[in-house]
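K.L.:
Just need the structure, nothing else, for what follows:
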Amino acid sequence: MEVLNYCVFIDVLGYGELVKDTTKSIDQRINILNSIYSNLATTLSITINEINSKIVDKIFIKSFSDCFYLESTNLLALLYSCERIYNDTFGLYSGITDGSEYTPLVRGGIVKDWTVRFSDLAGIVNNQQIINPVGLGVARAYWTSEKSKLSGMRMIISKEVIDDVKPKLISKNGLECFGIDFSYNGVVLPLFFNKIETNEENIPVDLFELIWPDMSSCTYDYVDELKKIRKQFDAKSFRHFNKTAEIILKGLIVSDCQHRTANVFGKYKSELENMVKEAFQ
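P.N.:
Numbers count the residues shown, from 1 in each chain. Prediction:
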């Protein structure tokens, strides 16, 4: 029987270009992939296990190739898990400055639609009990992530999900966005969303995105990490750098850092604004 679920599809940006990159040896490409998936495994293991230990409607997770899929009936917990995954993935290597690790950017889509969990075909062949989700929710989450013509490390959200969240329109430091408070483990946490009215082909869309950077610590590690990974982007992929800088800028604006560290806030805000406008050189 089909069940309505909130469905998330997330993949690694640039995976196809990486595996086809003949300027690197196969061993180099494998080492980079190992770094990426070690990063993601660490992040997912910590985040999903912790959140599932505190909620009734557990988050289901499934991976395949360079992608992974999440679903749950607990929408706010699922959105919070996506924020955590994005934050931890982006910042896991922020303390490593020798260039030995590859910081992956991920992109995702979230929708509400029907899914069914069947026995996994490979599991049947191998005599294992493995579940595989199928249905319109899986397909639409993929389309929302991959076909929206939106670049950068972003979590793209369909309108029916936002309708269920019911966030309020707010203004934070001059940025109009949507927000809602989420109570998790006895702590009230804010979630912020940005409305997207046109995509990068100037086609009207009715989508939102999660403002995932958590700048509450006001340490600005995100800006330093962007500087470090800039060299990963070539002319073809540089739009992903610009758009990732843009969402990090929005994360900075909706934080309280302007009131807590006004001078430093201004410096990093200016740097991010320049990154948003920067052209590949």
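
K.L.:
The nearest residue to residue 63 once chain neighbours are set aside: neighbour count?
P.N.:
In this structure, residue 63 finds its nearest non-sequential neighbour in residue 69, 7.4 Å apart by C-beta to C-beta, 6 or more residues apart in numbering. Quick note: C-beta positions are derived from backbone N, CA and C, even for glycine. When counting by other C-beta atoms under 10 Å, one arrives at 22 neighbours for residue 69.

K.L.:
now residue 190
P.N.:
So residue 190, with other C-beta under 10 Å, has 16 neighbours.

K.L.:
Distance from the chain centre to stretch 75-86, please.
P.N.:
Put simply, stretch 75-86 sits 9 Å off its chain's centre (C-alpha atoms, centre = their mean, to the nearest Å).

K.L.:
Now tell me what touches that stretch from outside.
P.N.:
Applying C-beta atoms under 8 Å, 6 or more residues apart in numbering, the contact partners of stretch 75-86 are 6, 8, 10, 43-44, 47-48, 51, 55, 57, 59, 70-72, 106, 108, 110, 112, 153, 155, 161, 164-165, 180, 182, 184, 189, 191, 210, 212-214.

K.L.:
And these, which of them are buried?
P.N.:
Among the contacts of stretch 75-86, those classed as buried by 16 or more other C-beta atoms under 10 Å are 6, 8, 10, 43-44, 47-48, 51, 55, 59, 70-72, 106, 108, 110, 112, 153, 155, 161, 165, 180, 182, 191, 210, 212-214.

K.L.:
list the helices and strands the helix or strand where residue 69 lies packs on?
P.N.:
Element membership for residue 69 (DSSP states H and E) is strand 67-72. In this structure, strand 67-72 makes packing contacts with strand 3-12, helix 26-52, strand 60-64, helix 75-91, helix 136-146, judged by 3 or more C-beta pairs under 8 Å, 6 or more residues apart in numbering; DSSP states H and E.

K.L.:
Just the CA atoms of the fourth one, as PDB, please.
P.N.:
Output for helix 75-91, consisting of C-alpha atoms alone and laid out as PDB, is shown next (Å, rounded to 0.1, in the frame of the first residue of the first chain):
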ATOM      1  CA  LEU A  75       8.800  16.800   8.100                       C
ATOM      2  CA  LEU A  76      10.600  19.200  10.500                       C
ATOM      3  CA  ALA A  77      13.000  16.500  11.700                       C
ATOM      4  CA  LEU A  78      13.700  15.600   8.100                       C
ATOM      5  CA  LEU A  79      14.400  19.300   7.300                       C
ATOM      6  CA  TYR A  80      16.600  19.600  10.300                       C
ATOM      7  CA  SER A  81      18.500  16.500   9.400                       C
ATOM      8  CA  CYS A  82      19.100  18.000   5.900                       C
ATOM      9  CA  GLU A  83      20.500  21.200   7.500                       C
ATOM     10  CA  ARG A  84      22.800  19.200   9.700                       C
ATOM     11  CA  ILE A  85      24.000  17.000   6.800                       C
ATOM     12  CA  TYR A  86      24.700  20.100   4.600                       C
ATOM     13  CA  ASN A  87      26.500  21.900   7.500                       C
ATOM     14  CA  ASP A  88      28.600  18.900   8.500                       C
ATOM     15  CA  THR A  89      29.500  17.900   5.000                       C
ATOM     16  CA  PHE A  90      30.700  21.300   4.000                       C
ATOM     17  CA  GLY A  91      32.700  21.900   7.200                       C
END
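
K.L.:
Pull up the pairing partners for the helix or strand following it, direction included.
P.N.:
Downstream of helix 75-91, the next assigned helix or strand under DSSP H and E is strand 106-119. Applying DSSP bridges to the sheet, strand 106-119 is found paired with strand 3-12 (antiparallel), strand 131-134 (antiparallel), strand 155-158 (parallel).
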